[in-house]
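A.B. asks: What follows is a predicted structure for the sequence shown.
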Amino acid sequence: MRVVLKLGTSVLTAGTDRLHRPRLVDLMRGLAAVRAAGHEAVLVTSGAVLAGWEALNFPPRSRTLAEKQLLAAVGQGRLMHLYAQLADLYGLPVAQVLLTADDFRNRTRYLNARTTLTGCLSRGVLPIINENDAVALEQLKVGDNDTLSAFVANLVEADLLVILTDAPGLYTADPRLDPHATLIPVVERVTPEVWALAGGAGSHRGTGGMHTKIQAAEVATRAGTPVVIAPGDAPDALRRIVAGEALGTRFQAHGSRLEARGRWILAEVATGSLRLDAGAAQAVQERGASLLPAGITAVEGRFERGHTVRLLGPDGTELGRGLARYASGDLGRLLGRHSREIEAALGYTHGPEAVHRDDLVRL
Ligand SMILES: Nc1ncnc2c1ncn2[C@@H]1O[C@H](COP(=O)(O)OP(=O)(O)O)[C@@H](O)[C@H]1O
Ligand SMILES: N[C@@H](CCC(=O)OP(=O)(O)O)C(=O)O
């Protein structure tokens, strides 16, 4: 399973004013256990602003953007250093990846980030992600790490997103304000009634409270990734959730990830087409096989890497749609060539497929 774990400031501080080292040790042990069980993990962490505040000896907080950026710039390195030290105890190499909204909006940057993250996972490296607070203007930010974690879950096509926080899950009302509030164990769909349950940030350190967590759950579940919101102080929380134990609140995914991906591919406007020879057309149509450059006889229209293209049979009938792994200009140079010639022809390679079977919807 590929799991994205989001840790809020409230979890990292464990109710104190500082990064709570023993809590961080517990959390890292949990990540290592999940990895040892054969799963892949990506960490989305908050805490840079808090770590900066701690490093500067708790100056009075003005809460301006400039101050937050300064504190994040001071704190991010220290936060990362702590994680790297702890991960070292478990022999886990870590990578820092700082993202902003632009990295999700701009196709090239999106694909680049994906390549880096999946590269980390295939090498057994634990990616540790935060928003690049020091440089992102307010209007260019994702804004909160709950939403960021849902974007990351989509980016890496996670099987599960776990958001650990200082509440035991989603309650019928903010449990800090209403003592009669009870836990909702499963949410099938994020309806207006669910939205109405969300209060603001609970701790004075957290950013979005339940509201941004529900928003994150909506984004991820629509793309086929289930989401669990659970208490960060429950012993062994991550390992238990990944093992299937019901802890906190589980938001069910809308269909499978592949279905969601298919809907997304079909929703995109295709600006180009690939004409297939008879053998490739048959392999795609009957077996849902990946399309290799060797089976393409013509490239029509213009498109970038990652854009949706039409796949046409020899007689021009549309067989399906898929995401191109190479831009139209590059594919034009690969027509009919064997995949092992890609690197020599282009000077680089994004892999042997023109359209990978996972990125292909048959019509
Ligand atoms: N319906 C609800 N159920 C649970 N918690 C809620 C609800 N509405 C608001 N909250 C508040 O959301 C808080 C968690 O959000 P936040 O403080 O932003 O944490 P984090 O730093 O983990 O992102 C909880 O402490 C809780 O007080
Ligand atoms: N990027 C900021 C955290 C933003 C955020 O969403 O915080 P939280 O609600 O604690 O997850 C930081 O590192 O301080």
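C.D. replies: Thanks, I have it. Numbering: from 1, shown residues only. Ligands and ions are numbered 1, 2, ... in the order given.
A.B. asks: The closest residue to A134 other than its chain neighbours: which element?
C.D. replies: Nearest residue to A134, sequence neighbours excluded (C-beta to C-beta, 6 or more residues apart in numbering): A73, at 4.0 Å. (Glycine included, C-beta is placed from N, CA and C.) Using DSSP states H and E, A73 sits in helix 65-89.
A.B. asks: And the helices in the stretch 201-350 of the chain?
C.D. replies: With helices called from DSSP state H, counting those that start in this stretch, the stretch 201-350 of the chain shows them at 209-222, 237-242, 257-267, 278-287, 328-334, 342-346.
A.B. asks: closest to ligand 2 out of those helices?
C.D. replies: Taking C-beta to the nearest ligand atom, helix 209-222 is the member of those nearest to ligand 2, at 6.9 Å.
A.B. asks: And that closest one, what does it pack against?
C.D. replies: Other helices and strands packing on helix 209-222, by 3 or more C-beta pairs under 8 Å, 6 or more residues apart in numbering; DSSP states H and E, are helix 145-155, strand 160-165, helix 192-195, strand 227-231, strand 249-251.
A.B. asks: Please work out which residues outside the shortest one touch it.
C.D. replies: The contact list for strand 249-251, computed with C-beta atoms under 8 Å, 6 or more residues apart in numbering, reads 169-170, 183-187, 190, 217, 220-221, 226-230.
A.B. asks: rerun at 10 Å
C.D. replies: 160-161, 163, 167-171, 183-190, 194, 210, 213-214, 216-218, 220-221, 225-230, 241 (C-beta atoms under 10 Å, 6 or more residues apart in numbering).
A.B. asks: Go ahead and confirm the residue nearest to A134 touches L56.
C.D. replies: No - taking contacts as C-beta atoms under 10 Å, A73 lies outside contact range of L56: 11.0 Å.
A.B. asks: Comparing those two, which residue is more hemmed in?
C.D. replies: Ranked by neighbour count (other C-beta atoms under 10 Å), A73 and L56 place A73 first, with 16 against 12.
A.B. asks: From A223, how far off is the residue positioned nearest the centre of the chain?
C.D. replies: Nearest to the geometric centre of the chain sits V152, at 1.6 Å (C-alpha atoms, centre = their mean). V152 sits 11 Å away from A223, going by C-beta to C-beta, to the nearest Å.
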